[in-house]
Each structure stands twice: as C-alpha cells, then as structure tokens.
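> Sharing a model prediction with you, sequence too.
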Amino acid sequence: MKFIDDILNRITMYRLVLYYLIALILGAFIFGFFGILPYDPTALAFSTFLILAVCAFTNWIFARAFEATTNVESVYITALILALIITPVSASNHAGVGFLIFASVWAMASKYLFAIGKKHIFNPAAFAVALTAIVINEPATWWIGGTIAMLPLVVGGGLLIVRKIRRFDLVLSFAAVAFTTIIATTSSADYMTAITQTILHSSFFFLAFVMLTEPLTTPPTTTWRILYGALVGFLFAPNIHIGTFYLTPEIALLIGNVFSYVVSPKGRYMLTLSRIEQAANDVYDFVFTPDRQFSFRPGQYLEWTLSHRHADDRGNRRYFTIASAPTEQTVRLGVKFYDPSSTFKRTLAAMKVGEKISAAHLAGGFVLPKKKETKLVFIAGGIGITPFRSMIHYLLDMKEKRPITVLYANKTQADIAYKDILDRARSELGIKTVYSLSAEKMPVPGMVNGSLDTALITREIPDYRERTFYISGPHAMVDAFKKTLTDMGVSRFKIKSDFFPGFV
C-alpha cells in the first residue's frame with residue numbers, strides 16, 4: 001500500500017485519470033485486435049483521434065471567446081470519456097462521424113455556455129451524450145462498461161483514482177443506494193440477474209469511478225457528497241422512470257450535478273499577485289488580491305489553476321490550503337519548494353506582481369468545531385501549518401479564545417513558518433506552541449530537540465485523552481501520527497486529518 005501511495009502522491013488526480021483513460025483505450029484496442037472485443041480497432045482509433053481533435057479545437061475557440069483559463073488535461077479527459085462511452089465508428093460511416101462531432105462540440109461548449117461564475121454546472125461528457133439522445137436520437141452505448149474483458153482494467157484503475165482523491169464515501173453511497181433501489185424495484189425472482197447485469201454489463205463502475213467523482217461537479221463536504229452519491233445512485237437504477245421516460249446514466253448524473261451546484265460554493269475566482277513573502281526556509285507566501293470577496297471557513301482549500309507550457313506529470317492544477325483567514329483582505333498561498341520542483345511551482349515562483357492565477361472548487365471539512373469549548377491539539381509538520389495559520393489568525397482577529405495546543409514539527413529552526421502568528425496567539429489567546437526540531441545540531445532555547453513522539457505528547461498535554469487532534473502535513477507523517485495516537489488510546493473519532501494533496 002505504501003508503494004502505491006508513493007506513486008499516487010507523485011501525480012495529480014487529473015493526470016492519473018488521463019493515464020487511466022489512455023490505458024483503457026489501449027486495452028480496448030488490443031482486445032479488439034485479437035477479437036476479444038467486438039469492436040474494430042481501426043474504428044476505435046479513428047473515433048478517438050476525431051473526438052480528441054474536435055474537442056481540442058472547440059475548446060480553443062471557446063476559451064479565446066470567453067477569455068478563460070483552460071486546462072488541456074480536462075479537454076483530453078472529456079474526449080477520452082466520450083470515446084469510451086460512444087460506440088466507435090469508421091470513417092465511412094458519415095452519420096456516425098456526425099454524431100461524434102456533434103457530441104464533441106457540445107461537450108466542450110457546455111463548459112462555457114452552461115457555467116455560472118466561470119464554473120461549469122454539468123459533467124461535459126454526460127451533457128453531450130444526453131443532448132445527442134434528445135436532439136438527434138443517438139444515445140451513448142457506454143460500451144466500456146458492457147464488456148467483461150475490460151472489467152479488471154475499469155475497476156482496478158478506478159479504485160486507484162478513488163484512493164487518490166479519497167472519495168470512497170461518495171462511491172459507496174452511490175453503490176449502496178443503486179443496488180438497494182435495484183433490489184426494491186425488481187421482482188425477487190429476477191433481482192440476482194439484475195444485480196449481475198449491473199456489475200458485469202453496465203456503466204456502473206465507469207460512471208462511479210470517473211464521472212461521478214469529477215471534482216468541479218461534486219459537493220465539497222462529506223455530508224453533501226454522500227447525499228449526492230445517493231441521489232445519483234437512486235436515479236441510476238434501470239427501473240426508475242418518470243411516466244414513460246426512463247432515466248439513463250447520463251441523465252441521472254446531470255440531475256445530480258444540479259443538486260451539487262445548489263449546495264456548493266459558486267464560481268471561479270481570479271486572483272492578482274500583490275507580493276511574495278518568505279515564511280521559512282524554502283517556504284514562500286504568495287499574497288493575492290481576489291477579483292471579488294468570497295467567504296470560506298478557516299482550514300479549507302481551493303483548486304488553483306496556473307496555465308503553463310510543457311507541464312510535467314503533475315499538470316497545471318493543484319489543491320492548496322488557504323493560508324489566510326477569512327478576516328483578511330488578501331488570499332494567501334503558502335508553498336514549500338523542493339529540489340527539483342514541479343513545473344507548476346517553477347511557474348508560480350516566476351510570477352510577477354500583477355499577474356493572475358485562477359482558483360475554484362472551495363472545499364474541505366478540516367475546520368474548527370462549532371463548540372468553542374472543545375479542547376484541541378493541532379499537529380503540524382512543515383508546510384502542513386498552513387490550515388492552522390488560517391485558523392489561528394482568524395481567532396486572533398475575532399479575539400476568540402479556545403483551548404488549543406499546537407505541536408509543530410520541523411527539521412531545523414529555519415524551517416519554522418508563521419512563528420510571528422504563533423507567538424501572538426500565545427500572548428493574546430493563550431495558545432501554546434511546542435516546537436519540535438528533529439535535525440538541529442545544537443539545543444534551541446524554548447524548543448525541543450527531537451521528534452514529536454508519545455513521551456512529548458504525554459508530557460506537554462496531560463489531558464490528551466480529552467482532546468480532539470487535528471493533523472496536517474505530509475501523508476506519511478499524518479498516517480504515522482494517527483497510529484501513534486490510537487496506540488495511546490485516543491479514539492479514532494477524535495482524530496481529524498487534512499486532505500492536503502500537492503506537497504511536492
């Protein structure tokens with residue numbers, strides 16, 4: 001598992017999905033070549049390249065017309081999804097070619113024409129095939145889900161995606177409600193057949209792993225995600241209909257997209273760089289002015305998009321916690337730079353004052369509890385201090401006292417970020433910070449030489465069993481502290497970890 005996580009942590013979710021879809025296309029091509037799949041590999045290749053070309057060209061036109069920041073990966077992802085759910089056609093099938101072009105154009109157009117605040121409402125591929133079914137009476141066949149030969153690839157790669165983005169809650173709620181509805185709406189003599197058909201010969205897995213989990217059309221919090229998955233799962237069941245109109249997988253997803261939009265933060269924000277500050281060794285704060293005011297809860301994160309040429313495997317999008325507090329007028333992004341850095345971070349480091357970056361999909365449940373009397377411990381490793389900087393700065397601005405102790409682990413004193421904020425919190429709010437330095441050669445006054453461990457926690461926080469622990473930092477560190485705390489007798493329900501992809 002650690003080996004898999006190490007690989008997943010090196011690439012973004014979008015790049016992982018792109019590789020997954022390419023693998024499915026290649027697998028289908030090989031199976032078709034050997035007659036395992038009933039699809040001509042030449043037709044599959046032609047359809048795929050045609051869809052890719054039309055999607056890329058259409059997106060380029062709309063992006064220029066709307067002056068929008070675009071992501072090439074998302075274009076390719078949508079195109080490959082269409083290639084996997086629309087039956088491949090040969091170049092001589094003029095009607096089929098027209099179908100592919102129509103679907104490709106509308107998939108891209110939907111991202112711009114049906115968007116509010118520069119945030120699209122519908123899954124582009126689902127919108128396109130729903131429209132083709134209604135307008136030109138050409139429905140999607142979802143052929144990728146109807147072939148047993150492809151099932152191991154679909155499921156295996158799909159599980160990696162869900163593991164990467166930690167959306168098992170969404171997929172499980174979708175599956176639970178879908179199968180419950182199928183059983184409830186099918187006669188007892190036939191429900192095993194219905195379940196078998198759903199698992200082996202339907203769009204179930206591909207829809208759940210790839211399209212249901214699309215970040216921009218998914219609610220940001222756990223509760224809303226579960227309800228979203230349940231709604232789509234209920235509508236996905238084949239016997240659900242409105243009068244004589246039976247719902248298709250894409251219609252079920254589009255209805256869910258509307259629900260998601262209603263309960264999610266709205267819009268995309270353009271942020272202008274106002275200054276860059278060094279917060280610690282190799283840690284820099286990029287301070288932006290937003291194009292309009294937006295509200296968030298301390299500890300939440302945004303998806304940041306920074307277009308640049310020749311992006312590496314991690315792409316041009318990242319999820320970063322907002323380091324500033326809602327009470328500040330600027331939006332602060334704290335970034336740790338490693339050697340070698342990704343192309344995204346190199347482009348970010350080269351930004352000049354006045355240049356812009358876009359951000360959207362505000363999300364995250366790593367926030368302060370509603371009960372102010374709840375005793376808390378913040379455990380941070382390195383740049384994982386950013387959500388706590390947001391929370392503590394907010395408490396300082398609001399003059400709100402809470403029983404909080406901060407345990408902050410770094411290698412050296414030079415790696416400590418936001419010490420000024422932490423010192424203010426100690427003097428003004430009584431929030432104590434314990435600094436742990438694992439690689440400092442000489443003792444540093446007021447700090448602990450060594451790693452954060454059971455003995456240090458027990459010594460500094462005698463009432464630790466009464467406290468709720470918030471952990472933020474590299475994935476390996478978070479997992480290690482979860483185990484340490486549970487071994488110490490802390491309930492798993494009192495341990496919250498930050499979903500903070502993108503440390504590299």
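Everything's here; your move.

> Could you use CA atoms for every contact and neighbour count after this?
Noted.

> Ala194 versus Val258, what's the distance?
Using C-alpha to C-alpha, to the nearest Å, one gets 28 Å for the distance from Val258 to Ala194.

> I meant to write Asn410 there.
Computed as C-alpha to C-alpha, the Asn410 to Ala194 distance reads 55 Å.

> quick one, which of those two is more surrounded?
Set side by side, Asn410 and Ala194 show more neighbours around Asn410, with 22 against 17, by other C-alpha atoms under 10 Å.

> Quick one: residues contacting the more buried one.
With contact set as C-alpha atoms under 8 Å, 6 or more residues apart in numbering, Asn410 has these partners: Gly381, Gly382, Ile416, Tyr435, Ser436, Leu437, Ser438.

> Of these, which is the most crowded?
Counting neighbours by other C-alpha under 10 Å, Ser436 leads the contacts of Asn410 with 26 neighbours.

> Give the buried residues for stretch 79-88.
Residues of stretch 79-88 classed as buried: Ala79, Leu80, Ile81, Leu82, Ala83, Leu84, Ile85, Ile86, Thr87, Pro88 (neighbour count, 16 or more other C-alpha atoms under 10 Å).

> Same list, those residues, but as CSV with secondary structure and distance to Pro443 please.
As requested, these are exported to CSV (DSSP: H, G, I helix; E, B strand; the rest coil; distance: C-alpha to C-alpha, whole Å):
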residue, secondary structure, distance to Pro443
Ala79, helix, 58
Leu80, helix, 57
Ile81, helix, 57
Leu82, helix, 60
Ala83, helix, 61
Leu84, helix, 60
Ile85, helix, 62
Ile86, coil, 65
Thr87, coil, 68
Pro88, coil, 68
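
> Ala133: which of these is nearest?
Nearest to Ala133 among the buried residues of stretch 79-88 is Ile86, at 11.3 Å by C-alpha to C-alpha.

> so where's the longest helix in the chain?
With secondary structure taken from DSSP state H, the chain has its longest helix at helix 41-66.

> circling back to that earlier point, just the buried residues of stretch 79-88 now: which is nearest Leu212?
Leu212 has its nearest neighbour among the buried residues of stretch 79-88 in Ile81, at 12.4 Å by C-alpha to C-alpha.

> what does the helix or strand hosting Ala28 rub up against?
Under the criterion of DSSP states H and E, Ala28 resides in helix 13-33. The contact list for helix 13-33 (C-alpha under 8 Å, 6+ apart) reads 8, 37-41, 44-45, 73-74, 76-77, 80-81, 84, 149-150, 153-154, 157-158, 161, 164-165, 210, 313-315.

> Just the buried ones from the residues you listed?
Buried by 16+ other C-alpha under 10 Å: 8, 37, 39-41, 44-45, 73-74, 76-77, 80-81, 84, 149-150, 153-154, 157-158, 161, 164-165, 210, 314-315, out of the contacts of helix 13-33.

> any idea how far Pro152 is from Ile242?
In terms of C-alpha to C-alpha, Pro152 sits 34 Å off from Ile242.

> could you dump the one helix or strand Ile195 maps to to CSV, C-alpha only?
Using DSSP H and E, Ile195 sits within helix 191-200. Provided in CSV are the C-alpha atoms of helix 191-200 (Å, rounded to 0.1, in the frame of the first residue of the first chain):
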residue,chain,number,x,y,z
TYR,A,191,-33.1,-9.3,-8.8
MET,A,192,-29.9,-11.5,-8.8
THR,A,193,-29.9,-11.3,-12.6
ALA,A,194,-30.4,-7.5,-12.4
ILE,A,195,-27.5,-7.2,-10.0
THR,A,196,-25.3,-9.4,-12.1
GLN,A,197,-26.1,-7.4,-15.2
THR,A,198,-25.4,-4.2,-13.4
ILE,A,199,-22.0,-5.3,-12.2
LEU,A,200,-20.8,-7.1,-15.4
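
> Go through it and flag the buried ones.
By neighbour count on 16+ other C-alpha under 10 Å, the buried set for helix 191-200 is Tyr191, Ala194, Ile195, Thr198, Ile199, Leu200.

> If you count contacts, what does that helix end up packed against?
helix 168-184 (3 or more C-alpha pairs under 8 Å, 6 or more residues apart in numbering; DSSP states H and E).

> now what about the helix it packs on, what contacts it?
By C-alpha under 8 Å, 6+ apart, the surrounding residues in contact with helix 168-184 are 162, 191, 194-195, 208-209, 212-213, 222, 225-239.

> pLDDT of it, averaged?
Mean per-residue pLDDT for helix 168-184: 95.

> Likewise for stretch 276-293?
94.

> How about that stretch, which residues are buried there?
Using 16+ other C-alpha under 10 Å as the test for burial, stretch 276-293 gives Ile276, Ala279, Ala280, Val283, Tyr284, Asp285, Phe286, Val287, Phe288, Thr289, Pro290.

> Next: stretch 407-415.
For stretch 407-415, burial by neighbour count (16+ other C-alpha under 10 Å) applies to Leu407, Tyr408, Ala409, Asn410, Lys411, Thr412, Gln413, Asp415.

> ditto for stretch 414-424
For stretch 414-424, the neighbour count (16+ other C-alpha under 10 Å) marks Asp415, Ile416, Ala417, Tyr418, Leu422 as buried.

> For my notes, please list the buried residues of helix 191-200 in TSV and give pLDDT for each entry.
Shown next, in TSV, are the buried residues of helix 191-200 (pLDDT from 0 to 100):
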residue	pLDDT
Tyr191	84
Ala194	89
Ile195	91
Thr198	92
Ile199	92
Leu200	90
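
> Tell me the one of these nearest Arg402?
Ile199 (49.8 Å).

> who touches the closest one in this structure?
Residues in contact with Ile199 (C-alpha under 8 Å, 6+ apart) are Phe205.

> Strands of the stretch 401-504 of the chain, start to end?
Taking DSSP state E, counting those that start in this stretch to define them, one finds strands in the stretch 401-504 of the chain at 404-410, 432-437, 448-449, 468-472, 495-497.

> could I get those as TSV with mean pLDDT?
Putting the strands of the stretch 401-504 of the chain into TSV (pLDDT from 0 to 100) gives the following:
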stretch	mean pLDDT
strand 404-410	96
strand 432-437	96
strand 448-449	92
strand 468-472	96
strand 495-497	93
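
> nearest to Leu368, of those?
Taking C-alpha to C-alpha, strand 468-472 is the member of these nearest to Leu368, at 9.4 Å.

> What lies in contact with the closest one?
366, 374-381, 384-385, 387, 478, 481, 494-498, 500.
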